[in-house]
Structure formats: C-alpha cells, structure tokens
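J.: Provided below are the primary sequence and the corresponding predicted coordinates.
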Amino acid sequence: MNRTTLTLIAAILCAITMVAAADTLGQAIVVQDQSSLRAAPRDSAQQQTVLWQGEVLEVRGERLDYLQVWDHKRERGGFIRASDVRRVALTESESPALLSVLRFVRDTPGAEALGIGLTAAWLQAAPAAALAGEPGAQALDALGTLADRLARRASAATPGASLGKASAAALSAHLDVANGYGVRFTTYELDGRMQVCYDGEAFRRVLVLPAASAEQRARAALALTRPECTDPDLPAHERARLQQWQAELLDRVEVAGLPSYLRNRVQMRRAGLWGGVAFQQARKADGATAAAGAASRALAEFAGVSRNDLTDEDQPAYNDAAMRVSAVRWALVPAAAAVPDGKRPSVVLQPGAPGETCVLLVDARHGREEPLARRCTYGVVWTASASLNREGNALALAVQPLEGWRELWVMRKTAGAEWVVDVLPPTAATPETGYAEWAGWVPGGQRMLVAREAREARETGGSGRWRKSFEVVRLDGLATERVTGDVAALPVFQRWQDPAWKRQTLSLR
C-alpha cells in the first residue's frame, strides 16, 4: 500500500501539506484551547484571533518566548506563545515520537481535535511501510476513536443539556478543526435533538488493513454499526439492506481472542442486528424460513454473552439486545394452520390494504365473512403466539409493528357477549425498544399475567429509561391489578405462569 491508494490520508493531510510546502522552520500544532494569535510577541499586544487545539501553523521565526507563525486557514500571521503549541518537523525520524503522543491523547477525553491534528502530522511524517503496517493501523484506529468520541460529545450537547457558552464554543471549534482535516460527520434529527455521527472512513480503512489486530477490527465494526447512527428516514428496503450488511460485517470479526468485555459488545450488537434482520424477513410474504434463521442467530449470539463480564456501561446495551431478541422470538416457532371449525375461537389472517394484514377471530359459527372480531395492522402478526384461555373468553396474540417493539393484542368477550380487541404496548411512553408478552392465564377468565420490558424514547442527552415489570392484568379494560419488578414477589404469577412461556422468555434472565 502507498499513500496514493488511501483517499482518506490524502484528505486528512490537506492542511499540513499546505503548511509543509513552504520553506519554513517547521510546523506547530496548537495544544491549548483559546490560544491567542497576537500582533506582537507580548501579552498586551492586540489579539488577532483565537486558536483551538489541533490547528496547524507554519513557524516562520522566534521572538522571546513567542513563535512567529502564519495561519494558512485564516491567511493571517502573528505571534503565539511557544507553550501553547507543539513544534513538529514532520520528518520520518520524528514519527515514532508523534505516535507515542497520539497513543496518550487517544484516551484523553476533550482532546479529540488535538489527537486528530497529531494523527495528520504522523501520517505526513511516517514512511509508506509504516502506513501499511501496525503503526498505520494504530493511527487509523486512533483517528476513528477520536472522531467517534467527538461526535458523541456533540450529540450530548443538546439544548436541554447543562452546557455553558465556553464549552459550546469549544465543541463547535473542535468540530471545525476536525472538518478542516477532512474528517466528516453526519447529523440526524432524533427525538427532537440532533444526533451527530462520524462517517467511519478511518474505521473502514482499519478493517481492510492486514496489520490491524482483532481488537482494532472489533472496535471498528462496533463503531460502524451503532444503531443510533442509522438514518431514521431510510426507506424500509434500504434499512433492511443496511442491517444485513452490518450483521455480516460483525460476523467477520473473530471474537475468540478478544477481551471478554469486548466480545460481549460484539455479540450483543450481533444479537440486536440479527433481531432486526428477522423482523425485516418476516415482513416478506415468503420470509418465514429466513426470519427463523435470523432469529436463531440472534438468540444464539445473545446466549453467548457472559453476564459476569458485563460492565456498568454495557448494561443498557445488554437490556436492549434482550428486548430486540425477545421481540422476534416467535419467529422460531412455526405457525400451525388454523382450523376454524371448532367451537372455540381461533385467529386467521387475511390480506387487507397493500402491505396490511388483518387478524380475524373466528369459530364454527363465525367465519371469515362475519368474524367475531377483526383488526388490521402493517406489522408482523406472530400467529404461533396465539393463546386462548380455558374459559374461551379471551385470546392473547403477539403483534410486532416496529423493529424491536412488540405489542400484545388481547381479544376478549365483553359482558354484552361482543368481542373487542385491545392493545397492550410495552409502555405508554413514546416507543423506542420493548415488548409486552402474555405469560399465563389466571383461572376464572378475569385476569391474565403479563411481562413487559421497555426503554422509553431517548431523553435529551441521555439513553432513555429502562423498565421491566411482571403484572397481573384484569381483562376488563386491561387495568394493571398488581405489578412488581421481581417475579418472585407475586405468588399469583409464580403459580399460574405458563410453563412454555417460562421456558422461552428472556424476561427472567
């Protein structure tokens, strides 16, 4: 590999190359935020402009404890304190020292713009052999990590966050510095706030470098598959194609030799993505087999996560993966053909409007033409989940309208002998991820058991509130009679929970 083959390297070196072209005393990288470029080498001299960490300057002379520099970005010269910059010669002999500093800055929060500037300097100074080897993989891994962390900082800086004017100005300046080196970001509106994401070009380069380690490849794959960085306005077919690509990308990561916490992250991300693929496949007319295969992969990846090695930081991702897998777990159970000729009610499906599926509740006296109840949806109806209580006056059915979001439909007979269809969502708040599932019938035909788990829509600058509950629900109106977060605290739940549900659910993890 040479430099001409790496378009990323060509883009990120624009600023430094312009400086290095002149016959100068070297270059300097600003290391302090809000450094002053002054008209003379004195603190009392007029301030020409404010400089930020990571910016590169051309050194043209020295006066006292000041450097005389030229700022090519602003086309302006001046003087800056020598302690506010780090001088670099951009020679091959200096590249090891630059890489050492970069390794330190890589893990320093708030120093992302400086790290990006140091990466650009190292790429200019390093020989071609180093770019293709282990040092090149380290530099690109650092670049991607710094850019991704800067994007996360920008996403957290929402209007409701407690971010002062100085911090907001610094963040804006750091993003501008990164853009000046060719590092690109995309933005999406999500839940009333802006989600900023790094475009991942450095991580893509890491994945194709033979010298990249397994850990570097894993970090790159995780960064390229962040669910919050998927364009929420993508059409369904493009989203399905993207998820398939992301799942296959993570499958190429070798997890055997990874640290346990990193292996967990890869497997949790795989589980969530394969759950999404299962949902997209189930929406197709002939996708039942493919959906079952994807759901099986999702469950296997989730089962491979070691709970003992989960960090506090990874607990939300673990819960999200569990909910996404739970949402599609019925894809693993083949749907039996309905036989609507018995006395007890059962459900059959019927096409509705284009893309719509209608659920009909029928029995021997009420067929498709005049069903007991009828409700249509654009989601996936998991007919294998249908469960009729012993009294024959209520039927529970799992319906998934969104990826990672499964509702519980309850068809029940009213006091007037009419059948109605009620929908029990995972939570009453704005949907994000979750499921509500039937867990058993309480004898008497008046109550049922429900397990619910959900993460509400992401709050400003946060990750959303997660909640899991086990409930005794009355059939007349679906009012919750008793609720707890610990299933052992509900004797009724313990006694009447369905054995098949207990065996298959992930809510008891």
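T.: Arrived safely.
J.: how far is stretch 469-484 from where the chain is centred?
T.: 32 Å (C-alpha atoms, centre = their mean, to the nearest Å).
J.: whoops, stretch 260-269 was the one
T.: 14 Å.
J.: can you pull the buried residues of it?
T.: Within stretch 260-269, the residues that qualify as buried are 262-269, counting by 16 or more other C-beta atoms under 10 Å. For the C-beta atoms, the positions are set from N, CA and C on the backbone; glycine is no exception.
J.: From what I see, N389 and L395 are in contact.
T.: Yes. Assessed by C-beta atoms under 8 Å, N389 is found in contact with L395 at 7.4 Å.
J.: between these two, who's got more neighbours?
T.: L395 (24 against 21; other C-beta atoms under 10 Å).
J.: How about the secondary structure of the more buried one?
T.: Under DSSP: H, G, I helix; E, B strand; the rest coil, L395 falls in the strand class.
J.: Now do it against L361, distance only.
T.: Counting by C-beta to C-beta, to the nearest Å, the gap from L395 to L361 is 7 Å.
J.: again with L397
T.: Taken as C-beta to C-beta, the span from L397 to L361 is 9 Å.
J.: hey, what's in contact with both of these two?
T.: Common contact partners of L397 and L361 (C-beta atoms under 8 Å, 6 or more residues apart in numbering): 347, 411.
J.: quick one: secondary structure of R452?
T.: Three-state call for R452 (three-state DSSP): strand.
J.: what residues are up against it?
T.: Applying C-beta under 8 Å, 6+ apart, one finds that R452 lies in contact with 424, 426-427, 434-437, 467-469, 471.
J.: Make a PyMOL selection of the buried ones in those.
T.: Remark: buried members of the contacts of R452, expressed as a PyMOL selection using 16+ other C-beta under 10 Å:
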select buried, resi 424+426+427+434+435+436+437+468+469+471
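J.: Can you tell me which of the contacts of R452 is nearest W496?
T.: E471 (12.7 Å; C-beta to C-beta).
J.: Show me how this protein divides into domains.
T.: Split into domains by automatic domain parsing, the chain comes to 1-223, 234-332, 336-504.
J.: Those domains into JSON lines, with extra columns for mean pLDDT?
T.: Formatted as JSON lines, the domains of the chain follow (pLDDT from 0 to 100):
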{"stretch": "domain 1-223", "mean pLDDT": "88"}
{"stretch": "domain 234-332", "mean pLDDT": "95"}
{"stretch": "domain 336-504", "mean pLDDT": "90"}
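J.: so how far is stretch 187-206 from its chain's centroid?
T.: In terms of C-alpha atoms, centre = their mean, the centre of stretch 187-206 is set 10 Å apart from its chain centre.
J.: Equivalent analysis for stretch 104-115, please.
T.: On the basis of C-alpha atoms, centre = their mean, stretch 104-115 sits 23 Å off its chain's mean C-alpha point.
J.: go on, stretch 415-422?
T.: Its chain's C-alpha centre and that of stretch 415-422 lie 41 Å apart, by C-alpha atoms, centre = their mean.
J.: before we move on, what about stretch 147-154?
T.: How far stretch 147-154 lies from its chain's middle: 14 Å, per C-alpha atoms, centre = their mean.
J.: for stretch 89-103, same thing?
T.: Averaging C-alpha positions (C-alpha atoms, centre = their mean) puts stretch 89-103 34 Å from its chain's average.
J.: end-to-end on that stretch?
T.: 19 Å (C-alpha to C-alpha, to the nearest Å).
J.: Buried residues, that stretch. List them.
T.: In stretch 89-103, counting by 16+ other C-beta under 10 Å, buried: 89-90, 94-95, 98-99, 101-102.
J.: Just send those back as TSV, with distance to A300 and secondary structure too.
T.: As requested, these are exported to TSV (distance: C-beta to C-beta, whole Å; DSSP: H, G, I helix; E, B strand; the rest coil):
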residue	distance to A300	secondary structure
A89	53	coil
L90	50	coil
E94	49	helix
S95	44	helix
L98	44	helix
L99	40	helix
V101	43	helix
L102	38	helix
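J.: between those residues, which is closest to S385?
T.: Using C-beta to C-beta, the buried residues of stretch 89-103 come closest to S385 at L102, 53.0 Å.
J.: How much space separates that closest one from R365?
T.: Per C-beta to C-beta, L102 is found 76 Å from R365.
J.: swap in P426?
T.: Distance, P426 to R365, using C-beta to C-beta: 35 Å.
J.: now G355
T.: In this view, G355 and R365 are 31 Å apart by C-beta to C-beta.
J.: And for Q504?
T.: For Q504, the distance to R365 equals 33 Å [C-beta to C-beta].
J.: When these two are compared, which one has more neighbours?
T.: Q504 (16 against 8).
J.: correct me, but the more buried one touches V325?
T.: No. Using C-beta under 8 Å, Q504 makes no contact with V325, being 11.3 Å away.
J.: any chance of the buried residues of stretch 260-269 in a markdown table, plus distance to E418 and secondary structure?
T.: Output for the buried residues of stretch 260-269, formatted as a markdown table (distance: C-beta to C-beta, whole Å; three-state DSSP):
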| residue | distance to E418 | secondary structure |
| --- | --- | --- |
| L262 | 56 | helix |
| R263 | 54 | helix |
| N264 | 50 | helix |
| R265 | 51 | helix |
| V266 | 51 | helix |
| Q267 | 48 | helix |
| M268 | 45 | helix |
| R269 | 47 | helix |
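J.: and which of the residues you listed is nearest to V487?
T.: Ranked by distance to V487 (C-beta to C-beta), the buried residues of stretch 260-269 are led by M268 at 23.3 Å.
J.: list the contacts for the closest residue in space to that closest one that isn't next to it in sequence?
T.: Excluding its sequence neighbours, the residue lying closest to M268 (C-beta to C-beta, 6 or more residues apart in numbering) is A321, at 4.2 Å. Listed by C-beta under 8 Å, 6+ apart, the contact partners of A321 are 268-269, 271-272, 275, 302, 305.
J.: Among these, which ones are in strands?
T.: Among these, no member falls in strands (DSSP state E).
J.: Highest neighbour count among those?
T.: Busiest of the contacts of A321 [other C-beta under 10 Å] is G275, holding 32 neighbours.
J.: Just list the residues touching the residue nearest the centre of the chain, thanks.
T.: Centroid-nearest residue in the chain: P227, 2.7 Å away (criterion: C-alpha atoms, centre = their mean). The contact partners of P227, taken as C-beta under 8 Å, 6+ apart, are G272.
J.: Let me see the backbone angles for it.
T.: When read as degrees, to the nearest 10, the backbone of P227 gives phi -60, psi -30.
J.: What distance do you get for it to E248?
T.: Taken as C-beta to C-beta, the span from P227 to E248 is 16 Å.
J.: Check W501 too.
T.: W501 is 33 Å from E248, by C-beta to C-beta.
J.: Equivalent analysis for W409, please.
T.: Taking C-beta to C-beta, one finds W409 at 34 Å from E248.
J.: Which one's more surrounded, those two?
T.: W409 (23 against 11).
J.: tell me which element the more buried one falls in.
T.: Assigned by DSSP states H and E, W409 belongs to strand 405-413.
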